[in-house]
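In: Build me a model from this:
(one chain, ligands or ions: 2)
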Amino acid sequence: MIKILAIESSCDETSAAIIRDGTVLSNLIANQTIHAEYGGVVPELASRSHQENIVPVVQSALSSANSTLQELHAIAVTLGPGLMGSLLVGVSFAKTLAYSLGIPLLAVNHMQAHILAHFAEDPKPKFPFLCLTVSGGHTQIVLVKNYLEMEVIGQTLDDAVGEAFDKGGKIFGLGYPAGPLIDKFAKLGSLTVKFPEPQIEGLNFSFSGVKTAVLYHVQKQVRFDPDYLKNNIHDLCASLQYTLVSILMNKLIKAANEFNITEIAIAGGVSANSHLRNELEMTGRKLGWKTYIPRFEYCTDNAAMIGIAGYYNYLAGNFSALDVTPQARMIL
Ligand code: KG4
Ligand code: ZN
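Out: Ligands and ions are numbered 1, 2, ... in the order given. Reported below is the predicted structural model:
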């Protein structure tokens with residue numbers, strides 16, 4: 001039996017989880033609400049909140065899994081990518097704990113962990129599968145060959161899709177992060193504005209043009225009608241969401257055809273989006289795919305996924321030295 005304590009602190013969520021033999025026993029998340037008033041994550045504030053939250057969150061993860069520090073076999077932690085000040089808190093804490101308990105450290109790639117969240121529960125995808133990984137910092141199509149062998153076959157050339165949701169929402173006057181609110185409001189509206197979709201060759205994405213189109217559209221309409229945003233917020237959210245999801249799905253279909261793969265997964269914060277989830281299921285039924293969507297709590301940042309990734313690294317003997325340093329940029 002292998003019991004792992006996992007820690008995630010790459011952005012603005014402090015999370016700890018206990019994983020036993022690849023099964024999640026507990027998964028605690030402390031959200032930082034302080035950033036909402038600034039319209040985005042403030043790195044210095046995030047780092048400070050992680051320092052305040054990390055001990056209570058780890059204690060809660062241990063107690064709700066009925067576990068003690070002495071029972072642990074390893075500590076898994078996000079090494080990157082993410083905000084340096086945020087990563088440092090988790091990594092320093094994990095190193096200290098691993099050293100004092102005399103157990104190995106497992107340094108985990110956050111993007112790999114988003115994908116491996118699929119192995120927290122059944123049904124699990126079969127290798128090789130394609131995973132559309134969509135978050136606030138990344139938009140990638142990944143060919144997943146094995147637990148630890150992954151290849152990025154397409155990615156964004158500019159903004160991440162989560163960023164496009166959040167920046168679009170900011171233009172609409174919504175708070176940060178706007179993604180979940182756009183999802184909610186879109187259900188009350190309909191597709192009334194057709195924002196242009198970029199024509200990018202191959203499997204790469206671009207989202208900065210959509211953001212600019214949204215900005216120009218809103219500026220123009222507000223000039224005619226100062227209440228435009230207030231009176232059209234639901235339709236604007238539905239229209240932006242439709243465009244962003246359409247861009248994602250078109251590339252995913254292209255990738256599935258090119259690689260002749262029908263096991264298709266989504267991961268990352270934006271995979272919580274209900275329209276993307278519906279579109280994936282509908283397209284899957286039409287094209288004969290087997291689709292995999294993680295449970296809601298495993299989509300956005302969480303330590304359970306870090307623990308699952310840690311577990312497969314443990315089985316492969318991928319232990320980290322205690323002088324390992326966080327990496328703001330880290331490739332798969
Ligand atoms: O993976 P994640 O929790 O953190 C990063 O690693 O970035 O992703 C956060 C992103 C944010 O941009 C947020 O707006 C977006 O995921 N997001 C959503 C939804 N829930 C979270 N975007 C659209 N619809 C949602 N329901
Ligand atoms: Zn993430």
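In: count of neighbours near L244?
Out: If you count neighbours by other C-beta atoms under 10 Å, L244 ends up with 28. (Glycine included, C-beta is placed from N, CA and C.)
In: Show me which residues of the helix or strand hosting it are buried.
Out: Using DSSP states H and E, L244 sits in helix 228-259. Counting neighbours by 16 or more other C-beta atoms under 10 Å, one finds that the buried residues in helix 228-259 are 228-229, 232-245, 247-249, 251-252, 255-256.
In: From the contact counts, what lies against it?
Out: strand 129-134, strand 139-144, strand 150-155, helix 161-171, helix 179-186, helix 208-224, helix 274-287 (3 or more C-beta pairs under 8 Å, 6 or more residues apart in numbering; DSSP states H and E).
In: and those as TSV, adding distance to ligand 1?
Out: TSV is the format used below for the helices and strands packed on helix 228-259 (distance: least, C-beta to the nearest ligand atom, whole Å):
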stretch	distance to ligand 1
strand 129-134	7
strand 139-144	10
strand 150-155	14
helix 161-171	3
helix 179-186	2
helix 208-224	13
helix 274-287	6
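In: Mind putting the ones you listed into CSV with distance to ligand 2, mean pLDDT and mean neighbour count?
Out: CSV is the format used below for those (distance: least, C-beta to the ion, whole Å; pLDDT from 0 to 100; neighbours: other C-beta atoms under 10 Å):
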stretch, distance to ligand 2, mean pLDDT, mean neighbour count
strand 129-134, 9, 98, 26
strand 139-144, 12, 98, 25
strand 150-155, 15, 98, 17
helix 161-171, 9, 97, 24
helix 179-186, 12, 98, 20
helix 208-224, 20, 97, 15
helix 274-287, 15, 98, 16
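In: okay, those in JSON lines with distance to E201 next?
Out: Listed next are the helices and strands packed on helix 228-259 as JSON lines, based on distance: least, C-beta to C-beta, whole Å:
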{"stretch": "strand 129-134", "distance to E201": "18"}
{"stretch": "strand 139-144", "distance to E201": "14"}
{"stretch": "strand 150-155", "distance to E201": "11"}
{"stretch": "helix 161-171", "distance to E201": "18"}
{"stretch": "helix 179-186", "distance to E201": "27"}
{"stretch": "helix 208-224", "distance to E201": "15"}
{"stretch": "helix 274-287", "distance to E201": "22"}
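In: just to revisit the earlier point, quick one: check the helix holding L244 for contact with ligand 1.
Out: No. Helix 228-259 is not in contact with ligand 1 by C-beta under 6 Å from any ligand atom; minimum separation 7.4 Å.
In: in its sheet, what does whichever helix or strand comes after that helix sit against?
Out: Downstream of helix 228-259, the next assigned helix or strand under DSSP H and E is strand 263-267. Paired with strand 263-267 in the same sheet, following DSSP bridges, are strand 129-134 (parallel), strand 290-292 (parallel).
In: any idea of the angle the first one forms with helix 228-259?
Out: Spelled out, it's strand 129-134. Orientation check (axes from the mean of the first three to the mean of the last three C-alpha atoms, to 10 degrees): strand 129-134 against helix 228-259 gives 160 degrees.
In: relative to helix 161-171, how tilted is strand 129-134?
Out: 30 degrees.
In: could you list every residue that touches the spatially most central residue of the chain?
Out: Residue closest to the average C-alpha location in the chain (C-alpha atoms, centre = their mean): G268, at 2.6 Å. By C-beta atoms under 8 Å, 6 or more residues apart in numbering, the contact set of G268 is 111, 114, 133-135, 138, 162, 299.
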